[in-house]
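Colleague: need a structure here:
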Amino acid sequence: MGAVAMPHKATTAKAPLGEELVRLTGVNQTYGRGTRATEALRDINLTIHAGEFVALLGPSGCGKSTLLRIIAGLLRPTSGEVMYRGKPLDGINPYTTIVFQAYALFPWLTVQENVEVVLKPLGLSPLQRTKRALNLLDRVGLDGFELAYPRELSGGMRQKVGFARAMAVEPELLCLDEPFSTLDVLSAESLRGELMELWISGAIPTKAILMVSHSIEETVLMADRVVVLDKAPGHIMADVPVTLPHPRSRKDRALLQLIDQIYATVVGRTQTEAEELGSAPGEPGRTRPLPHAQISAISGLLERVNEEFADKIDVYRLAETLGESLNDILPIIEATELLGLARVDAGDLSLTPLGQTFAEARIQARKEIFAARIRRVPLIRWIRTMLDRAPDKRLTWEVFTTALSLELSPDEAERQLETAVNWARYAELFSYDGDDNVLFIEQDTPLPQEAGE
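Modeller: Numbers count the residues shown, from 1 in each chain. The predicted structure follows:
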């Protein structure tokens with residue numbers, strides 16, 4: 001894989017920062033009220049200046065898109081201050097537009113009409129709208145497709161229409177909400193390159209770009225700053241400057257080192273067992289949500305590391321080897337840490353002795369190790385204890401989701417229980433009857449003895 005495709009030849013260094021456009025101070029966002037409240041963002045402090053390309057990076061659920069919507073004025077924060085050009089933002093931010101993951105085109109309009117439709121509220125004459133639309137379509141490489149309908153275009157071409165439409169209103173701040181995530185690899189690569197050419201050459205009047213992404217490589221290839229967020233609740237972990245000149249190559253040693261550095265920041269360091277395990281509903285402290293990782297993914301990661309890497313493996317190299325994105329690999333790594341099968345330190349993952357044993361064990365032995373480890377997990381232990389105490393050792397799904405919803409959103413409560421049931425069924429700790437929607441313990445199913453390190 002080579003550099004991001006950008007036709008311009010000159011190496012471009014980062015220009016001096018211009019005036020301050022955005023300032024967020026102590027921004028918090030909470031959904032719901034009382035016991036059903038979910039804290040999405042906590043104490044966000046962020047500034048964006050003219051001339052900057054800023055990327056918001058983090059796993060799913062860390063509040064990246066929520067933050068983007070707050071800046072665009074589509075969402076009012078629960079508390080804190082949002083300023084644009086030194087003035088409090090009240091309502092929709094007229095200086096921003098957003099390009100979303102979905103193409104959001106009107107299927108009954110042609111490509112040209114899809115761009116022109118956003119220009120009508122600006123009071124431009126039909127001739128002015130047509131000239132601006134055709135100019136932008138030419139810039140994004142859609143010359144000749146003006147009269148085509150969205151259904152006639154590829155995914156990459158449809159997203160180009162989305163970019164043209166967003167830039168048609170000449171926003172000061174262009175917001176991108178994972179605009180490349182639904183495209184195939186080659187289409188995404190091409191569109192990234194074309195956007196960077198327009199931005200760096202000054203061919204668009206946009207003064208700053210704010211992009212949401214879950215790809216570390218993508219952010220480092222494109223942005224001037226990478227703002228790293230973590231979840232539960234969403235908060236800023238790091239604000240990493242990217243001072244490398246454009247165009248940037250994936251093979252550049254400095255770029256690879258920066259990607260490695262950000263991976264180390266994101267995956268963090270394995271905490272003590274008590275901190276990793278957290279607590280269960282009804283216990284002091286925050287209930288530790290389970291990482292949503294499949295058993296096969298956990299087993300596959302441990303096998304791969306054990307077979308191919310004798311001691312430890314850089315998480316970035318591991319993700320690259322497995323072909324996994326940040327969103328995909330983080331839950332798997334978190335699961336191996338939670339179960340005491342692997343450790344992470346300074347961006348490197350290494351298997352524990354128990355993890356090595358698991359990777360080399362046969363099916364039944366793996367199940368026994370897994371069962372012994374998950375019974376230490378407070379959420380699993382809580383479910384099993386509740387079932388043990390039930391008269392017939394059966395409880396409805398709703399009993400558990402209702403209890404979990406006191407600390408988690410209803411959707412996350414459902415997902416947590418789904419993951420817990422999948423893990424427990426593999427370990428034969430308890431079962432699930434889909435017809436009656438109940439969790440139950442089969443007769444003579446004792447808790448397994450604990451496996452040592």
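
Colleague: from now on I want contacts and neighbour counts done on CA atoms only, so please keep to that.
Modeller: Fine.

Colleague: how is the protein carved up into domains?
Modeller: By the assignment in automatic domain parsing, the chain contains the domains 20-95+171-265, 295-440.

Colleague: report the mean confidence score over the first one.
Modeller: Rounded to a whole number, the mean pLDDT of domain 20-95+171-265 is 88.

Colleague: what does the shortest one give?
Modeller: On average, the pLDDT along domain 295-440 is 89.

Colleague: ends of it, how far apart?
Modeller: End-to-end distance of domain 295-440 (Cα to Cα, to the nearest Å): 21 Å.

Colleague: Lys131: neighbour count?
Modeller: By the measure other Cα atoms under 10 Å, the count of residues near Lys131 is 12.

Colleague: so it belongs to a strand, correct?
Modeller: No. According to DSSP: H, G, I helix; E, B strand; the rest coil, Lys131 belongs to no strand; its state is helix.

Colleague: any idea how far it lies from Phe145?
Modeller: Counting by Cα to Cα - Lys131 and Phe145 are separated by 15 Å.

Colleague: ok, Gly155 next?
Modeller: As judged by Cα to Cα, Gly155 and Phe145 stand 14 Å apart.

Colleague: same thing with Ala188?
Modeller: Taken as Cα to Cα, the span from Ala188 to Phe145 is 19 Å.

Colleague: can you report how many residues lie near Arg362?
Modeller: That count, for Arg362 with other Cα under 10 Å as the rule, works out to 10.

Colleague: and if you look at the one 3 residues further on?
Modeller: Counted with other Cα under 10 Å, the burial measure for Ala365 works out to 13 neighbours.

Colleague: contacts only, for it.
Modeller: Phe358 (Cα atoms under 8 Å, 6 or more residues apart in numbering).

Colleague: isn't there a helix covering it?
Modeller: Yes. Assessed with three-state DSSP, Ala365 lies in a helix.

Colleague: make a markdown table out of the domains of the chain and add distance to Glu283.
Modeller: A markdown table is the format used below for the domains of the chain (distance: least, Cα to Cα, whole Å):
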| stretch | distance to Glu283 |
| --- | --- |
| domain 20-95+171-265 | 15 |
| domain 295-440 | 9 |
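
Colleague: so which of those is nearest Asn114?
Modeller: For Asn114, the closest of the domains of the chain is domain 20-95+171-265, at 17.2 Å, according to Cα to Cα.

Colleague: and the end-to-end length of that closest one?
Modeller: Note: domain 20-95+171-265 ends 27 Å apart using Cα to Cα.

Colleague: now swap in stretch 401-410 and tell me
Modeller: So stretch 401-410: terminal residues 7 Å apart, Cα to Cα.

Colleague: same thing with stretch 389-403?
Modeller: By Cα to Cα, one end of stretch 389-403 lies 16 Å from the other end.

Colleague: try stretch 419-437
Modeller: Start-to-end, stretch 419-437 (Cα to Cα) is 15 Å.

Colleague: buried residues in that stretch?
Modeller: In terms of neighbour count (16 or more other Cα atoms under 10 Å), stretch 419-437 has its buried residues at 419-424, 426-432.

Colleague: and these as TSV, adding distance to Gly347?
Modeller: Formatted as TSV, the buried residues of stretch 419-437 follow (distance: Cα to Cα, whole Å):
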residue	distance to Gly347
Thr419	26
Ala420	28
Val421	31
Asn422	29
Trp423	27
Ala424	30
Tyr426	30
Ala427	30
Glu428	34
Leu429	33
Phe430	35
Ser431	37
Tyr432	38
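
Colleague: could you dump those residues to JSON lines with distance to Gln356 and secondary structure?
Modeller: Compiled in JSON lines, the buried residues of stretch 419-437 are given as follows (distance: Cα to Cα, whole Å; DSSP: H, G, I helix; E, B strand; the rest coil):
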{"residue": "Thr419", "distance to Gln356": "24", "secondary structure": "helix"}
{"residue": "Ala420", "distance to Gln356": "24", "secondary structure": "helix"}
{"residue": "Val421", "distance to Gln356": "25", "secondary structure": "helix"}
{"residue": "Asn422", "distance to Gln356": "23", "secondary structure": "helix"}
{"residue": "Trp423", "distance to Gln356": "20", "secondary structure": "helix"}
{"residue": "Ala424", "distance to Gln356": "22", "secondary structure": "helix"}
{"residue": "Tyr426", "distance to Gln356": "19", "secondary structure": "helix"}
{"residue": "Ala427", "distance to Gln356": "19", "secondary structure": "helix"}
{"residue": "Glu428", "distance to Gln356": "22", "secondary structure": "coil"}
{"residue": "Leu429", "distance to Gln356": "23", "secondary structure": "coil"}
{"residue": "Phe430", "distance to Gln356": "26", "secondary structure": "coil"}
{"residue": "Ser431", "distance to Gln356": "28", "secondary structure": "strand"}
{"residue": "Tyr432", "distance to Gln356": "30", "secondary structure": "strand"}
